[in-house]
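A.B. asks: What follows is a predicted structure for the sequence shown.
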Amino acid sequence: MNNKIFFPQPIIPPPAVKKDTKATPDSKKSSFEQLLKQQLEGELKFSQHAIQRLKSRNIQLGEAEMGRLKNAVSKAREKGAKDSLILMDNLALIVSVKNNTVITAVDEDNLKENVFTNIDSAVIV
């Protein structure tokens, strides 16, 4: 005969799981999108061709101009542009929006009778 007495263990509910409002899939997605957007809109690069054009045409961009240029690129990106002509004061810049890179720069003297191809948008700043 089996003389063992069985005492069931009390049922202890698992500890309450706190719902992290910060870790919802939607917020993760939006925070990732924000991070990606910040990285994409971060530093504006200049191609070697653009650097040569800026030097040869004695074009200097200060902080204010760079801020306006970044803002213009951001606006173009929001509209889905890939390659954009940005007209700023007496300067035209071709920018690869998807690569965040200035491709070339043209000053006022060289703007006349110039044809810009392979662009899908223009931003006037």
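C.D. replies: Cool, the structure landed. Not measured: the values here are computed from a predicted model.
A.B. asks: what's the first-to-last distance across stretch 77-92?
C.D. replies: Terminal residues of stretch 77-92 are spaced 18 Å apart (CA to CA, to the nearest Å).
A.B. asks: after the strand or helix carrying Asn71, next one along is what?
C.D. replies: Using DSSP states H and E, Asn71 sits in helix 63-78. Counting by DSSP H and E, the next helix or strand C-terminal to helix 63-78 is strand 83-88.
A.B. asks: If you compare the directions of the next helix or strand after that following strand and helix 63-78, what angle comes out?
C.D. replies: Downstream of strand 83-88, the next assigned helix or strand under DSSP H and E is strand 91-96. Per axes from the mean of the first three to the mean of the last three CA atoms, to 10 degrees, the angle that strand 91-96 makes with helix 63-78 is 40 degrees.
A.B. asks: which residues of this structure fall in helices?
C.D. replies: Secondary structure of the chain by DSSP state H: the helices cover 25-40, 48-56, 63-78.
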